[in-house]
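Colleague: Following is a predicted model, sequence given first.
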Amino acid sequence: MKFDVLTLFPELFNIVMRESIIGRAQENGIIKVNAINIRDYSKDKHKKVDDYPFGGGTGMVMTCQPVIDAYNDITKDMTVKPKVIYMSPQGRVLNQKIAKELSTEEHLILLCGHYEGIDERIIEEIVDEEISIGDYVLTGGELPAMVLIDCVSRLVQGVLASENSYSEESHFNGLLEYPQYTRPADYNGKKVPDILLSGHHANIEKWRTQQSIERTKQKRPDMYEVYERTHKKNL
Ligand SMILES: c1cc(-c2cnc[nH]2)ccn1
């Protein structure tokens, strides 16, 4: 799976996306993250990429030309144009279901805005979908793009050691993850639950499922309500 990221700060991606799971997935050729500097496409003599908003107001707006030219350049030899996602507070909020949907795409283009936003005509011209990572305003779309790349990439075949790695993680099965413990079995008098030391895998799985249900009910009643509706008979 390939991510082309249109950004003013490509170095951010070159540093963060070469670490850990995503870094290994890139080394293995499973994932490719290609950061493109929008500023390289500016035709302005000072390489400007923003301008004052028509109608007044504070802050600057990213101009059309550099972004559209960058998009046209990276897609010029593509017969099938990849989906373009604009990281925006106005988008549908990213969740595991959306991440799963996106993980089936071969190629995604992520557009990172900056300043007060981007000229609306960019959205009209090239954006297929806006995605938010939550209802708060950030400095730009770079961190949201990295969040999206991380959660989508983990769902791509071969990125994680085993499919079980994510199938038991929070949100994958509609529940929060059960509590995790590791050595020592007794830390400052706090003991690991006996069931986890029993070696009885069926009982351990039962305990973990019950823990997930209970903590989802307590911490995320909104999630629990959906889970309860879809699993009514088993509860
Ligand atoms: C996606 C993008 C943003 C954002 C982009 N620029 C300012 N805020 C916030 C949340 N999710």
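Modeller: Looks like it arrived, so ask away.
Colleague: And stretch 48-62, end to end?
Modeller: Stretch 48-62 has an end-to-end distance of 9 Å (C-alpha to C-alpha, to the nearest Å).
Colleague: now do stretch 4-12
Modeller: Stretch 4-12: ends 14 Å apart by C-alpha to C-alpha.
Colleague: Could I get the buried residue list for that stretch?
Modeller: D4, V5, L6, T7, L8, F9, P10, L12 (16 or more other C-beta atoms under 10 Å). All C-beta spots, glycine's among them, are computed from the backbone N, C-alpha and C.
Colleague: so what pLDDT did the fifth one get?
Modeller: L8 carries a pLDDT score of 98 in this model.
Colleague: returning to what we had before: so which of the buried residues of stretch 4-12 are in strands?
Modeller: Secondary structure from DSSP state E places D4, V5, L6, T7 of the buried residues of stretch 4-12 in strands.
Colleague: what about the second one, distance to M223?
Modeller: In this view, V5 and M223 are 30 Å apart by C-beta to C-beta, to the nearest Å.
Colleague: Closest to N95 out of the ones in strands among the buried residues of stretch 4-12?
Modeller: Proximity to N95 was ranked across these by C-beta to C-beta; first place goes to V5, at 20.9 Å.
Colleague: got the contact list for that closest one?
Modeller: When contacts are counted by C-beta atoms under 8 Å, 6 or more residues apart in numbering, V5 touches F13, V33, N34, A35, I36, I109, L110, C112, A145, I149.
Colleague: helices and strands around the longest strand along the chain, which ones?
Modeller: For the chain, the longest strand by residue count, based on DSSP E, is strand 83-93. Applying 3 or more C-beta pairs under 8 Å, 6 or more residues apart in numbering; DSSP states H and E, we find strand 83-93 packed against strand 107-112, helix 120-126, strand 129-132, helix 142-153.
Colleague: mind giving me CSV with those and columns for mean neighbour count?
Modeller: Converted to CSV, the helices and strands packed on strand 83-93 look like this (neighbours: other C-beta atoms under 10 Å):
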stretch, mean neighbour count
strand 107-112, 23
helix 120-126, 15
strand 129-132, 18
helix 142-153, 21
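Colleague: got CSV for the ones you listed, with mean pLDDT and distance to the ligand too?
Modeller: Formatted as CSV, the helices and strands packed on strand 83-93 follow (pLDDT from 0 to 100; distance: least, C-beta to the nearest ligand atom, whole Å):
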stretch, mean pLDDT, distance to the ligand
strand 107-112, 98, 8
helix 120-126, 98, 13
strand 129-132, 98, 4
helix 142-153, 97, 4
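Colleague: is any part of the longest strand of the chain close to the ligand?
Modeller: Yes - using C-beta under 6 Å from any ligand atom, strand 83-93 comes into contact with the ligand via M87, S88, P89.
Colleague: how much space between the second one and N173?
Modeller: Put plainly, it is S88. To N173, S88 is 29 Å away according to C-beta to C-beta.
Colleague: And the helices in the chain, which stretches?
Modeller: If DSSP state H is used as the criterion, the helices of the chain fall at 10-16, 20-27, 64-75, 96-102, 120-126, 142-153, 163-167, 201-219, 221-230.
Colleague: CA-only coordinates of stretch 146-163 in PDB, if you can.
Modeller: The C-alpha trace of stretch 146-163 is given here as PDB (Å, rounded to 0.1, in the frame of the first residue of the first chain):
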ATOM      1  CA  MET A 146       0.500  10.200  10.500                       C
ATOM      2  CA  VAL A 147      -2.300   8.900  12.700                       C
ATOM      3  CA  LEU A 148      -4.200   7.700   9.600                       C
ATOM      4  CA  ILE A 149      -1.200   6.100   8.100                       C
ATOM      5  CA  ASP A 150      -0.400   4.300  11.400                       C
ATOM      6  CA  CYS A 151      -3.900   2.900  12.100                       C
ATOM      7  CA  VAL A 152      -4.500   2.000   8.400                       C
ATOM      8  CA  SER A 153      -1.100   0.400   7.800                       C
ATOM      9  CA  ARG A 154      -1.500  -1.900  10.900                       C
ATOM     10  CA  LEU A 155      -4.400  -3.500   9.100                       C
ATOM     11  CA  VAL A 156      -2.500  -4.200   5.900                       C
ATOM     12  CA  GLN A 157      -1.600  -7.900   5.400                       C
ATOM     13  CA  GLY A 158       2.000  -8.600   6.500                       C
ATOM     14  CA  VAL A 159       2.600  -5.400   8.500                       C
ATOM     15  CA  LEU A 160       2.000  -6.900  11.800                       C
ATOM     16  CA  ALA A 161       3.600 -10.200  12.900                       C
ATOM     17  CA  SER A 162       0.200 -11.900  13.000                       C
ATOM     18  CA  GLU A 163      -3.400 -11.000  12.300                       C
END
